[in-house]
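[1] Predicted structure and sequence below. I'll ask about it afterward.
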Amino acid sequence: MTNATSTSFRTQAFIDGAFRDAQSGETFVSENPASGRPITSVACGDTADIDLAVKAARRAFEDGRWSRRSPTSRKTILLRFADLIEANSEELATLDALEGGKPITDCRDIDLPDTIKTVRWYAEAIDKVFDAVAPTGPDALGLIIREPIGVVGAVVPWNFPILMAAWKIAPALASGNSMVVKPSRLTSLSAIRLAELASAAGVPDGVLNVVPGTGAGAGQALGRHMDVDKVTFTGSTEVGREFLHYAAESNLKEVTLELGGKSPSLVLAGPPDLAIVAEQVLFAALVNQGENCSSGSRLIVHRSVHEELVERLAAGLAEWPVGDPMDPATRIGPMIERPHLDKVMGYIARGRAEGARVVTGGEQVLESSGGYFVAPTIFDGVTNSMSIARDEIFGPVLSTIPFDDEAEGIRLANETSYGLAASIYTTDLDAAFRVSRALRAGVIGVNAYSEGDITTPFGGYKQSGFGGRDKGLEAFDQYTEKKTIWVTLR
Ligand code: NDP
């Protein structure tokens, strides 16, 4: 299949180099959240299919068809993989827009270029990282070497389907591991196609397997499998907790969790041009319709600029049209599914009931489309005790909290169980560094909303996750074991 707008989607599991139906014969329906209509049926893998995929991955790992190749040889194949993603990027962008309700412009201009960059960067990096030699005396040689962990399970979410898969697949494969990937049942198609492209690029059979299915079925089976050495997970804090149980109750596999967030945009007294601040604060809150773990969903703003900034934000919403994700002008697509729409609308109702003021938005829109659209919503007069300030809503909802002095701003920003990201706006260089240091979060953007780029690690403090970082050379630590070889010299 070459054209995502045709009906011939790849919908089976990809195991040991071949497409397969689920052994049970079960399928699930993939739905277009912009219309509520079905797109296609996808193989619903479960424990048996995960087991088959893990066995294939284990065989591939043990016989060394990938794990014992030279880094340069893996690099060559992964660069070919990146080229194939690039050659098929229009199709892959369309798959994520169709299933995920993501604006096609974002898929084309952000997700796919970042995916390609990710695969190229890890391919290029792997034959340039060196291991270490311990500072011994002349009577010993201490080598500290990195080796692939073995079979890696990756469980990924629906909000950035292909990019989150690439953040895991690229460093794990570059390091020599074999993998079993479980995409979200809401967005499986791009991951399945990725496995096919990897195979076409020369990744050997069994090295990259993709098993679509439900979280409770395939996801849990991967988490509990006795022959999976590591699980890397991106998703909700609740399910992240489950993976710790699975590991504890099975083989103590290593677990990396990249979880939710409730990230602040902290606007200090004396900010830069408020037009720029408003643009960045809206981008932080609304990009990917707020379905973003590092979403800047809390605006914590100094009272001296509070009123003017809120006015500018409301006016700036004209630049954020809600609509059909396939329309290049759309910047806000639908919520991923009906239950998620209900969850977001429930939070908006709770925000009102708790006494916050809706500045703009607050309602479901475009209902006649059959899709799950929410108007971008700005709340003012929010306090940190309200649920809209505490919980990850994962929708286009911004909560505004004013403050009077820097210490109070920092306290409010840190008063959350999460710690993924934060942005600070100030023209005072000292304040920028002082406050960056004081915030308990993994990624700080100064005078812009930014997660850095592929060279910088991404991950959170507190309940936003632990056990390693995605992105950067740090991601290699997730997918490698360290071995000491001590040679006694006589
Ligand atoms: P989940 O954490 O439920 O899903 C993430 C992945 O985990 C999916 O592949 C999912 O499969 C799988 N999964 C779900 N339940 C289990 C389980 N019991 N055992 C093993 N795997 C499981 O996130 P949701 O998609 O339901 O979103 C819920 C909330 O999570 C959002 O509202 C948001 O707050 C947060 N979230 C955070 C993300 C982030 O980037 N940090 C990304 C997505 C969500 P399945 O396909 O069945 O759902």
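    That came through, no problem.

[2] Looks like S41 contacts V29 (just checking).
    Yes: in this structure S41 lies within contact range of V29 using CB atoms under 8 Å: 5.7 Å. The C-beta positions use only the backbone N, C-alpha and C, and glycine is treated the same way.

[3] what's near enough to touch the residue in the stretch 351-490 of the chain positioned nearest to the ligand?
    Nearest residue of the stretch 351-490 of the chain to the ligand: F394, at 3.6 Å (CB to the nearest ligand atom). Contact analysis of F394 by CB atoms under 8 Å, 6 or more residues apart in numbering lists N159, G260, G290, E291, N292, S295, H340, K343, V344.

[4] show me which of those residues neighbour the ligand.
    N159, G260 (CB under 6 Å from any ligand atom).

[5] Emit the ChimeraX select command for whichever of the contacts of F394 are buried.
    Command for ChimeraX that selects the buried part of the contacts of F394, burial taken from 16 or more other CB atoms under 10 Å:
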select :159,260,290,291,292,295,340,344
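
[6] could the contacts of F394 go into a markdown table alongside pLDDT and secondary structure?
    Formatted as a markdown table, the contacts of F394 follow (pLDDT from 0 to 100; DSSP: H, G, I helix; E, B strand; the rest coil):
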| residue | pLDDT | secondary structure |
| --- | --- | --- |
| N159 | 98 | coil |
| G260 | 94 | coil |
| G290 | 98 | helix |
| E291 | 98 | coil |
| N292 | 97 | coil |
| S295 | 98 | coil |
| H340 | 98 | helix |
| K343 | 98 | helix |
| V344 | 98 | helix |
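
[7] Could you find the closest non-adjacent residue to the spatially most central residue of the chain?
    Most central in the chain under CA atoms, centre = their mean is M164, positioned 4.5 Å from the mean C-alpha point. In space, and not counting its chain neighbours, M164 is closest to V156: 4.4 Å by CB to CB, 6 or more residues apart in numbering.

[8] and the helix or strand bottoming out on mean pLDDT in the chain, does that touch the ligand?
    Least confident helix or strand of the chain, by mean pLDDT, DSSP states H and E, is strand 465-466 with a mean of 94. No: figure legend: strand 465-466 not in contact with the ligand (CB under 6 Å from any ligand atom); closest approach 7.8 Å.

[9] tell me the SS of I110?
    helix (DSSP: H, G, I helix; E, B strand; the rest coil).

[10] swap that for E481, sorry
    Strictly by three-state DSSP, E481 counts as strand.

[11] So which bits of the helix or strand hosting the residue nearest to the centre of the chain are buried?
    Assessed by DSSP states H and E, M164 sits inside helix 161-174. Buried positions in helix 161-174, judged by neighbour count with 16+ other CB under 10 Å: 161-174.

[12] And that helix, what does it pack against?
    Packed against helix 161-174, as judged by 3 or more CB pairs under 8 Å, 6 or more residues apart in numbering; DSSP states H and E, are the following elements: helix 71-87, helix 89-100, helix 112-126, strand 151-155, strand 178-182, helix 189-201, strand 230-234, helix 475-478.

[13] Return the most buried member of the ones you listed.
    Mean neighbour count (mean count of other CB atoms under 10 Å) peaks for strand 178-182 among those, with a mean of 30.

[14] that older thread, would you tell me which one of the buried residues of helix 161-174 comes nearest to the ligand?
    Closest to the ligand, out of all of the buried residues of helix 161-174 and judged by CB to the nearest ligand atom, is M164, at 7.1 Å.

[15] For that closest one, which residues are in contact?
    Here M164 is in contact with V156, P157, T234 (CB under 8 Å, 6+ apart).

[16] And for D324?
    With CB under 8 Å, 6+ apart, D324 has these contacts: A34, T330, G333, S369.

[17] repeat that for 6 Å
    Contact analysis of D324 by CB atoms under 6 Å, 6 or more residues apart in numbering lists A34, T330.

[18] what does the stretch 51-200 of the chain have sitting close to the ligand?
    V155, V156, P157, W158, N159, K182, S184, R185, L186.

[19] what's the most distant pair in the residues you listed?
    Using CB to CB, these span at most 15.4 Å, a distance reached by N159 and K182.

[20] In space, what's closest to V301 - neighbours in sequence excluded?
    In space, V301 is closest to V267, 4.3 Å off (CB to CB, 6+ apart).

[21] Pop out the phi and psi values for that neighbour.
    Main-chain torsions, V267, degrees, to the nearest 10: phi -100, psi 110.

[22] Model confidence for it, exactly?
    Looking at V267, its pLDDT stands at 98.

[23] List the beta-bridge partners for it.
    V301, Y425 (DSSP bridges).

[24] so who does it touch?
    Contacts of V267 (CB under 6 Å, 6+ apart): V277, V301, Y425.

[25] Count the residues that sit near the second one.
    Right, V301. Per other CB atoms under 10 Å, the neighbour tally for V301 reads 29.

[26] now do the last one
    By the measure other CB under 10 Å, the count of residues near Y425 is 29.

[27] and what of D21?
    15.

[28] Any figure for the gap between the residue of the stretch 251-400 of the chain found nearest the ligand and W167?
    Among the residues of the stretch 251-400 of the chain, C293 lies closest to the ligand, at 3.1 Å counting by CB to the nearest ligand atom. C293 sits 12 Å away from W167, going by CB to CB, to the nearest Å.

[29] I'd say W121 and I454 touch.
    Yes: counting by CB atoms under 6 Å, I454 is a contact partner of W121 at 4.7 Å.

[30] Go through the host helix or strand of T40 and flag the buried ones.
    For T40, the element it lies in under DSSP H and E is strand 37-43. For strand 37-43, the neighbour count (16+ other CB under 10 Å) marks I39, T40, V42, A43 as buried.

[31] which of those lies closest to the ligand?
    V42 (10.5 Å).

[32] coming back round to it: pLDDT score assigned to the residue of the stretch 351-490 of the chain closest to the ligand?
    At F394, the model reports a pLDDT of 98.

[33] Tell me if it really is in a strand.
    No: applying three-state DSSP, one finds F394 to be coil, outside a strand.

[34] okay, E254: pLDDT?
    So, for E254, pLDDT stands at 98.

[35] no wait, P264
    98.

[36] Quick one: the buried residues of strand 37-43 as CSV, columns for pLDDT and distance to Q478 too.
    Output for these, formatted as CSV (pLDDT from 0 to 100; distance: CB to CB, whole Å):
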residue, pLDDT, distance to Q478
I39, 98, 32
T40, 98, 33
V42, 98, 28
A43, 98, 28
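
[37] from those residues, which two are the most distant?
    Among the buried residues of strand 37-43, I39 and A43 lie farthest apart (CB to CB), at 14.2 Å.

[38] sorry, back to before: centre of the chain to the least confident helix or strand of the chain, how far?
    Strand 465-466 sits 13 Å away from the centroid of its parent chain (CA atoms, centre = their mean, to the nearest Å).

[39] got it, and stretch 104-115?
    Using CA atoms, centre = their mean, the offset of stretch 104-115 from its chain centre is 14 Å.

[40] how about the CA coordinates for that stretch, as CSV?
    Extracted C-alpha coordinates of stretch 104-115, given in CSV (Å, rounded to 0.1, in the frame of the first residue of the first chain):
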residue,chain,number,x,y,z
ILE,A,104,-2.3,17.6,9.1
THR,A,105,-0.1,20.7,9.1
ASP,A,106,1.4,19.7,12.4
CYS,A,107,1.9,16.1,11.2
ARG,A,108,3.6,17.3,8.1
ASP,A,109,5.6,20.1,9.6
ILE,A,110,6.4,18.9,13.1
ASP,A,111,5.8,15.2,13.7
LEU,A,112,7.2,13.7,10.5
PRO,A,113,10.3,15.9,10.2
ASP,A,114,11.1,15.3,13.9
THR,A,115,10.6,11.5,13.4
